[in-house]
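S.K.: 3D model of this:
(2 chains)
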2 protein chains.
Amino acid sequence: MADLHLAVDRSRGGLAGQIAGELREAIRSGRLGRGARLPASRDLARDLGLSRGVVVEAYEQLVAEGFLDARVGVGTRVASGPVTRAEPGLAVRSDEPGANYYGHRPTSPDLSAFPRQAWLAAIRHVLATLPGDCLDYGDPGGVAELRAELAAYLRRVRAADTDTGEVVVVTGVAQGLSLVVRALVESGAGRAAADGDHGPLPAASDGAAPAAIGGESEGAVSEGAVSEGAVSEGAVSEGAVLLAVEEPTSPRQLPLLRRAGARLTGVPVDAEGIDVAALARTGARAVLLTPAHHYPTGVVLSPRRRAELIAWAADTGAVILEDDYDAEFRFDREPIGCLQGLAPDRVVLAGSVSKALAPGLRLGWLVAPPAVAAAVRRARGELDLGSPVIDQYALARFLSTGGYDRHLRRMRREYRRRRDALVGALAEHLPGVRAHGISAGLHLYAELPAGWDERRVAEAARACGLTVDPLPSALVIGFARFPEHRIAEAVRQLRVLTDRQDVRT
Amino acid sequence: MADLHLAVDRSRGGLAGQIAGELREAIRSGRLGRGARLPASRDLARDLGLSRGVVVEAYEQLVAEGFLDARVGVGTRVASGPVTRAEPGLAVRSDEPGANYYGHRPTSPDLSAFPRQAWLAAIRHVLATLPGDCLDYGDPGGVAELRAELAAYLRRVRAADTDTGEVVVVTGVAQGLSLVVRALVESGAGRAAADGDHGPLPAASDGAAPAAIGGESEGAVSEGAVSEGAVSEGAVSEGAVLLAVEEPTSPRQLPLLRRAGARLTGVPVDAEGIDVAALARTGARAVLLTPAHHYPTGVVLSPRRRAELIAWAADTGAVILEDDYDAEFRFDREPIGCLQGLAPDRVVLAGSVSKALAPGLRLGWLVAPPAVAAAVRRARGELDLGSPVIDQYALARFLSTGGYDRHLRRMRREYRRRRDALVGALAEHLPGVRAHGISAGLHLYAELPAGWDERRVAEAARACGLTVDPLPSALVIGFARFPEHRIAEAVRQLRVLTDRQDVRT
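M.R.: From the prediction side, this is the model:
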């Protein structure tokens, strides 16, 4: 095992970030080679005189970024490099704005296109017609009118099976996943098949409270509010669910999943989507994935893998959490139906209006097997008593009058033009950059030429007005928020900057 | 110890309800006398061959109803009878509509008076003026404009200290309390001073999952969704916070508090409010109370008790959760300032628009010490990413333009007339009934003549159109939802019914 020579300065704080930074440098410099094994978090923590949670957090950050691999029974190793990545490189930094939970992301829709008049008309209709009694506490699972409209919409557009699956209204995918994981923890349904070493992604244990990976420096949320050692081993690990997540994945969801009681284990994604054989080896009985358009690479889960995944779930009784985050936007053919429609007894579909309308509406849904739907509904009745009712009736109205479909058709055309502009401009001005995952969604995955430093390219891209997140040897580039001519111009400027500046490592 | 002779029929289901019903009858019949000690939940569970959680749930139900007392180190006894109650009697039944979390309650406001035009105008203003970027994910602690308006409002109307305390937007008192308890569990701040037997209100342990007290028969939330033994001892008890609640209290909040990680212990309320000496004896380091207008009795916390309470919190470092649920409605003089204004470093104030506007808006607030506020904001960032932004801006607009104050003034006048009508009609037609807690709020506490059966009176009252909840030897009667003449007529009819029917035990 390599001697890590990690230098940690306690007086600077942010210990997990320091360790992650040192390890990143060691990997980038080649001091830690591909496949090199890292010490167990417990051992490294003891060597450094730190709590184990700090090391776990650093490892988890690097797994999310793709620098490290974590496998059950194998431990933590330097990643050998998933298909879509050339080299491990610098990834999302905690001091970058895109690393926050909120605020603009490359996946954000064009909020200037929010249908204000149509939405106001829906609210006006609700306030003119809704009986006063409906302004009381609503059903915590959602008002019946909206659940019925969503069921019809998801049946039609996503091929969801809403006869077997039940629709529950939530505030978004975040709350939906959080409540489903809690329900799995409570029911014991998602426990791992076998106990053992599940790699470096256990729940926060003897160390620091769970911190927002990539978001820990977001000033206004005080670190000090939740003290060290806050989440005890017993409180989280006892009933924790081993949840497999795609690798790479969006680091934004990890703290949320952990807070809900999940221990996380990564499973690689290749050109066909998640590696189901590797998933089976984790022993996990729950998996979260983005089959329609993998984040960040944009890979679509292949038909073969879909079949394997569903067979695995049927054999093992596992639960599949399907994050359908941008499935409305498919440009070159009809949307691919959701997994939920194929295995409604094993899949929980989670979606929202965040990409179609606006994240600020906080309206989303689950389609879940009846027992899961009931548990989530009950949990909301014991958490926040459900979503605001006027907004729910307004969305039901917007769906029933066809306003939602009209808005989506318009935005699909517009986003397709913007995607074409970005892909075309990259081909023209930056031919060394390879665009992946362009058939759907609001972002593409741009693989950088060998030797380029994605952090420097990201800085240059932002200076040109693009919305990007750096990943190892790649950028996630959003194209939804700008008109075509601005996208083309921004890429042209980026070429000038990359020619002029040294963007190489 | 009395031999309980409990008959439980497994085939009927609802075991906790059956045990509670048998114990109620034993107490009502005098078979279990005042002060009689009950077996430990573990022992009774073993005798009956049931899981302990079932017995805990039954005991908890009866403590919430006022039949039983639970004291640290003393165990569970038949209540000796709080000041405002004559005799233990039949209380909220789980099959009554008022027992649900949602749906009309005696404390519900008049929703037909919801200011639809003014609210629509506020939404229209927001949609006409809000920059598109503000439709993205908002700050999970609430948008700055609303937090500033709420701070000014609470300073002015509730004498809150919003310089020391920080305002956080939540979806209501329910979510606010849930997140604060979770923050206390995580920080360890609310742990009990001494360990030991905290009476019959521990977190659900080896038995059934926490069920909605008084709401368990609400059909649509399936009991089966969360299996037996779902919440393990380790997962909840490890970091659980011992939280003192008033006795009697609203049973609706208990499942929510337990789910958030609280173990509950009851503290009696007398004519001056919560008994602070008894509170101190519990060893709790957190207490939830309704100082402005105790639910259900309407008692206002006396100045002496306020001072004692704050001294206790200062001495012990305890946290006071102040549920300010209907403080806007005070009829005979100005509202009494909140506790938070007296001890902003020890008190978390929780309020909402549910009484002033409508529960369905799901808009509320906390004013909390900065560390608690930061923990709650962070927890929302890892749970649901905050409240809908358009609604938040609309409430800010409604506050800043004076619309909220105008609506409150109008409703205060109207509710005062309705209260006067109810109090006058009771005095005229049912002079044996004594009305308490009439100076504030949207309900009164009606003490029934000795020997009356509150369940039968409640049935008769509902038949006359009143909104009531039965409590031991008393009714909670709401007066907000009906015009004066209907209230007077309903009480007149009730007199006829009570004369005609046998409402005696």
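S.K.: how about the helices of the stretch 401-505 of chain A, start to end?
M.R.: Secondary structure of the stretch 401-505 of chain A, counting by DSSP state H, counting those that start in this stretch: helices at A:403-429, A:454-463, A:484-500.
S.K.: and of the ones you listed, who's closest to B:Thr498?
M.R.: helix A:403-429 (53.9 Å; Cβ to Cβ). For every residue, glycine as well, the C-beta is placed using N, CA and C.
S.K.: mind listing what's buried in the closest one?
M.R.: A:403-404, A:407-408, A:411, A:415, A:418-423, A:425-426, A:429 (16 or more other Cβ atoms under 10 Å in any protein chain shown).
S.K.: tell me the angle of that helix relative to helix A:484-500?
M.R.: On the basis of axes from the mean of the first three to the mean of the last three Cα atoms, to 10 degrees, helix A:403-429 is oriented at 30 degrees to helix A:484-500.
S.K.: which of the residues in stretch A:34-47 are buried?
M.R.: Going by 16+ other Cβ under 10 Å, stretch A:34-47 has these buried residues: A:Ala36, A:Leu38, A:Pro39, A:Ala40, A:Ser41, A:Leu44, A:Ala45.
S.K.: scratch that, stretch A:149-167
M.R.: For stretch A:149-167, by 16+ other Cβ under 10 Å, it's A:149-151, A:153-155, A:157-162, A:164-167.
S.K.: ok, so of the residues you listed, who is nearest chain B?
M.R.: Using Cβ to the nearest Cβ, A:Glu166 comes nearest to chain B of these, at 10.3 Å.
S.K.: Ramachandran coordinates for the nearest residue to that closest one once chain neighbours are set aside?
M.R.: Of all residues not flanking A:Glu166 in the chain, A:Ala373 sits nearest, at 3.8 Å (Cβ to Cβ, 6 or more residues apart in numbering or on different chains). Per-residue torsions, A:Ala373: phi -60, psi -40 (degrees, to the nearest 10).
S.K.: What number of residues are in the vicinity of A:Ala373?
M.R.: 23 (other Cβ atoms under 10 Å in any protein chain shown).
S.K.: Let me know the secondary structure of A:Ala314.
M.R.: Assigned with DSSP: H, G, I helix; E, B strand; the rest coil, A:Ala314 falls in the helix class.
S.K.: Help me confirm that it comes into contact with A:Arg346.
M.R.: Yes - between A:Ala314 and A:Arg346 there is a contact under Cβ atoms under 8 Å: 6.5 Å.
S.K.: In terms of neighbours, single out the busier of those two.
M.R.: A:Arg346 (19 against 12).
S.K.: Provide a list of residues in contact with the more buried one.
M.R.: When contacts are counted by Cβ atoms under 8 Å, 6 or more residues apart in numbering or on different chains, A:Arg346 touches A:Ile310, A:Ala313, A:Ala314, A:Ala318, A:Val319, A:Ile320, A:Pro369.
S.K.: helix or strand for A:Ala350, which one?
M.R.: Taking DSSP states H and E as the definition, A:Ala350 sits inside strand A:347-352.
S.K.: for that strand, packing partners?
M.R.: helix A:144-158, helix A:173-187, strand A:319-323, strand A:364-368 (3 or more Cβ pairs under 8 Å, 6 or more residues apart in numbering or on different chains; DSSP states H and E).
S.K.: now for these, which one comes closest to chain B?
M.R.: For these, the distance to chain B is smallest for helix A:173-187, at 3.9 Å, taking Cβ to the nearest Cβ.
S.K.: how about the closest one against chain B, any contact?
M.R.: Yes - against chain B, helix A:173-187 shows contacts by Cβ under 8 Å from any Cβ of the partner chain at A:Ala174, A:Gln175, A:Ser178, A:Ala183, A:Val185, A:Glu186, A:Ser187.
S.K.: Just give me the least confident of those.
M.R.: Within those, A:Ser187 has the lowest pLDDT, namely 85.
S.K.: tally of neighbours for it?
M.R.: A:Ser187 has 24 nearby residues by other Cβ under 10 Å.
S.K.: With A:Gly75 instead?
M.R.: 16.
S.K.: and what of A:Ala144?
M.R.: 12.
S.K.: Pick out the residue closest to the middle of chain A.
M.R.: A:Ser250 (3.7 Å; Cα atoms, centre = their mean).
S.K.: Report pLDDT for the residue lying closest to it once chain neighbours are set aside.
M.R.: In space, and not counting its chain neighbours, A:Ser250 is closest to A:Tyr295: 5.1 Å by Cβ to Cβ, 6+ apart. According to the prediction, A:Tyr295 has pLDDT 94.
S.K.: A:Tyr295: how many residues sit nearby?
M.R.: Neighbours of A:Tyr295 (other Cβ under 10 Å): 25.
S.K.: before we move on, what about the one 10 residues further on?
M.R.: The burial count assigned to A:Arg305 is 21, neighbours taken as other Cβ under 10 Å.
S.K.: Is it within a helix or a strand, and which one?
M.R.: helix A:303-316.
S.K.: Heading C-terminal from the worst-scoring helix or strand of chain A on mean pLDDT, find the next helix or strand.
M.R.: Least confident element among the helices and strands of chain A, by mean pLDDT, DSSP states H and E: helix A:233-237 (a mean of 34). On the C-terminal side of helix A:233-237, the nearest following helix or strand under DSSP H and E is strand A:241-247.
S.K.: Tell me the buried residues in that following strand?
M.R.: Buried, per 16+ other Cβ under 10 Å, within strand A:241-247: A:Val241, A:Leu242, A:Leu243, A:Ala244, A:Val245, A:Glu246, A:Glu247.
S.K.: which residue sits closest to A:Glu22 in space, ignoring its chain neighbours?
M.R.: Take A:Glu22 and drop its neighbours on the chain: the residue closest to it by Cβ to Cβ, 6+ apart is A:Leu6, 4.6 Å away.
S.K.: give me every residue that touches that neighbour.
M.R.: Counting by Cβ under 8 Å, 6+ apart, A:Leu6 has contacts A:Ile19, A:Glu22, A:Leu23, A:Leu48.
S.K.: Look up the pLDDT of the residue of the stretch 401-505 of chain A found nearest chain B for me, please.
M.R.: Closest to chain B within the stretch 401-505 of chain A is A:Arg481: 9.5 Å, counting by Cβ to the nearest Cβ. The per-residue pLDDT reported for A:Arg481 equals 92.
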